[in-house]
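quick one: sequence plus predicted model below, questions after.
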Amino acid sequence: MRLPYRSKLAAASVLAVLAAGAAFADPVPDAELVVNEEIELVTRVAPGPAVADVLTEVYSGWLYRESETRAMQMDDFDNPAMVFVDQGLDMWDTVDGTEGKSCASCHEGIESMKGVRTSMPKMNGAATDLWSLENFVNDCRTERMGAEAWKWNSNDMKNMTSAISLQSRGEPMKVSVEGAAADWWERGKEIYYTRYGQLELACANCHEANAGYMIRADHLSQGQINGFPTYRLKDAGVVSIHQRFVGCVRDTRAETFAAGSEEFRALELYVASRGEGLSIEGVSVRP
Amino acid sequence: MANDVKPRVKVPKSAAAGEVVTLKTLISHPMESGQRKNADGTLIPRSIINRFTCDFNGVNVIDIAIDPAVSTNPYFEFDAKVDAAGEFKFTWYDDDGSVYEDVKPIEIA
């Protein structure tokens, strides 16, 4: 009688493990992201045209995180990125460069940046190039302020993009993929589905085919960029979109494209179009 | 004075008499430990916040001695019992003698 009992026990524990695994493989089913108990953010939407044929629902990365991490983002005091937003706000009013201007000299209050982050990246004024938010900031600095351009992933730049993104918090992502941007979008899409590196991984292998599963100790999300710039607990600092791209491509053991390169701007446009309708989370918190 | 020092405090706007409320404080500060060396190999001098206090209507709530192992942007969260309306006063003491203060009122609902 001993043996059947043992095998029953073994079968029961296998079932328990499977059940726990299945529960953890998906985004949290019923969490709602409300910041400061007043700003309701959209973390699940029906797929936009870019992903209608490959995803059944679009999820913010917030839904894939542990409850403690999710809670940090729900209160601006607990959100460590707000320290850097404050520094960006100070910089907004700081005069720099030969023209004696600050951002506020032309744009006045930073509230005027409301909605800007939702349409990034987009074609520049002359429609000759696809620009990310960083390009627009540097264009202002060099052309209007007579100041030096900031490096893409410098603290000054990330503080500023964090402060600007926060103004659009709660607004839905909506990039334009029409006209001249269409070629960039195609290029970004090709990069998304191209396998890179010794591990031969494309963005889609993890973030489309295996979103929700674990890659070693990490819970794979859909790789949406609506939460960027994001505060990464691992780095104890703010991380830009391209910085994250570099990290991902590096993890495939490839030589990566540079932050700010044409390739990553094209990819940024394509990935942004995949997240159409998700709320900008301004500065999010991720592990 | 260290650069970019900015205190931030979160105190509920009101509380019931006798209620225990949670206070959260954070101050942006580099908290240079004095152990690190710069590119030339010379020691970067210590520059930290060495003491933090909170008073409620003149009565001390908490008094913390801080040592160099505490990391950048020190965060303290603690509870205080509120018997009457009044003011929380938060004070941070820098190594260089600077004192940073913040005051938050609380009402009895």
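Yep, it's here.

any weak-confidence spans in chain B?
Under the criterion pLDDT under 70, the flagged ranges of chain B are B:1-3.

identify the bridge partners of the residue in it positioned nearest to chain A.
Nearest residue of chain B to chain A: residue B:10, at 4.4 Å (CB to the nearest CB). Any C-beta I mention is one placed from the backbone N, CA and C, and that applies to glycine too. Taking DSSP bridges as the rule, residue B:10 bridges to residue B:24.

quick one: residues contacting residue A:45.
A:57, A:58, A:172, A:276, A:277, A:278 (CB atoms under 8 Å, 6 or more residues apart in numbering or on different chains).

take those and keep only those in helices.
Using DSSP state H, no member of those falls within helices.

may I see the PyMOL selection of the buried members of those residues?
A single PyMOL command selects the buried members of the contacts of residue A:45 (16 or more other CB atoms under 10 Å in any protein chain shown):
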select buried, chain A and resi 58+172+276+278
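
near chain B too, which of the contacts of residue A:45?
Filtering the contacts of residue A:45 for proximity to chain B by CB under 8 Å from any CB of the partner chain leaves nothing.

any idea how far the residue of chain B closest to chain A lies from residue B:24?
Distance of residue B:10 to residue B:24, given as CB to CB, to the nearest Å: 4 Å.

what's the answer for residue A:81, then?
From residue A:81 over to residue B:24 the distance is 16 Å, taken as CB to CB.

one step back: count of residues packed around the residue of chain B closest to chain A?
15 (other CB atoms under 10 Å in any protein chain shown).

repeat for residue A:266
24.

and the residue nearest the centre of chain A, what pLDDT?
The centre of chain A sits closest to residue A:225, judged by CA atoms, centre = their mean, with a distance of 2.3 Å. In this model, residue A:225 is scored at 94, pLDDT.

OK, contacts around it?
The contact partners of residue A:225, taken as CB under 8 Å, 6+ apart, are A:241, A:244, A:268, A:271, A:272, A:275.

isn't residue B:99 up against residue B:90?
No: Residue B:99 is not in contact with residue B:90 according to CB atoms under 8 Å; the separation is 10.9 Å.

the helix or strand where residue B:21 lies packs against which elements?
Assigned by DSSP states H and E, residue B:21 belongs to strand B:19-28. Helices and strands touching strand B:19-28, by 3 or more CB pairs under 8 Å, 6 or more residues apart in numbering or on different chains; DSSP states H and E, are helix A:82-92, strand B:6-10, strand B:49-56, strand B:75-82, strand B:86-94, strand B:99-108.

that older thread, of residue A:81 and residue B:24, who's got more company?
Using other CB under 10 Å, the more surrounded residue of residue A:81 and residue B:24 is residue A:81, with 26 against 15.

how many residues are close by residue B:31?
Neighbour tally, residue B:31, other CB under 10 Å: 20.

how much space separates the residue of the stretch 101-250 of chain A at minimum distance from chain B from residue A:83?
Closest approach of the stretch 101-250 of chain A to chain B (CB to the nearest CB) occurs at residue A:236, with a separation of 7.8 Å. Using CB to CB, residue A:236 is found at 11 Å from residue A:83.

more neighbours: which of those two?
Applying other CB under 10 Å to residue A:236 and residue A:83 shows that residue A:83 carries more neighbours, namely 20 against 11.

which non-adjacent residue is nearest residue B:108?
In space, residue B:108 comes closest to residue B:85 once its chain neighbours are excluded; the distance is 4.7 Å by CB to CB, 6 or more residues apart in numbering or on different chains.

so which bits of the stretch 151-287 of chain A are right by chain B?
Counting by CB under 8 Å from any CB, the stretch 151-287 of chain A sits next to chain B at residue A:236.

so which residues of the stretch 151-287 of chain A form helices?
Remark: helices assigned in the stretch 151-287 of chain A by DSSP state H, counting those that start in this stretch are A:155-166, A:181-192, A:203-207, A:241-251, A:262-274.

dump the ones you listed into CSV; add mean pLDDT as well.
Below are these laid out as CSV (pLDDT from 0 to 100):
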stretch, mean pLDDT
helix A:155-166, 94
helix A:181-192, 94
helix A:203-207, 94
helix A:241-251, 95
helix A:262-274, 95
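
let me have those helices in CSV, adding distance to residue B:50 as columns.
Below are these laid out as CSV (distance: least, CB to CB, whole Å):
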stretch, distance to residue B:50
helix A:155-166, 26
helix A:181-192, 51
helix A:203-207, 46
helix A:241-251, 34
helix A:262-274, 44
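
need the contact list for whichever residue of chain A sits closest to chain B.
Chain B sits closest to residue A:77 of chain A, with a gap of 4.4 Å, by CB to the nearest CB. By CB under 8 Å, 6+ apart, the contact set of residue A:77 is B:8, B:10, B:24, B:26.

between these, which is closest to residue B:16?
Nearest to residue B:16 among the contacts of residue A:77: residue B:10, at 18.3 Å, using CB to CB.

show me the shaky parts of chain A.
Applying pLDDT under 70 to chain A flags the ranges A:1-25.

quick one: buried residues of stretch A:90-105?
So for stretch A:90-105, counting by 16+ other CB under 10 Å, buried means A:91, A:92, A:96, A:101, A:102, A:103.

brain fart, stretch A:155-173
Buried residues in stretch A:155-173, defined by neighbour count with 16+ other CB under 10 Å: A:156-173.

do the same with stretch A:215-228
Within stretch A:215-228, the residues that count as buried by 16+ other CB under 10 Å are A:219, A:220, A:221, A:222, A:223, A:224, A:225, A:226, A:227, A:228.

ok, now which ones touch the second one?
With contact set as CB under 8 Å, 6+ apart, residue A:220 has these partners: A:64, A:206, A:207, A:210, A:211, A:212, A:213, A:214.

go again with 6 Å.
For residue A:220, the contact set (CB atoms under 6 Å, 6 or more residues apart in numbering or on different chains) comprises A:206, A:210, A:211, A:213.
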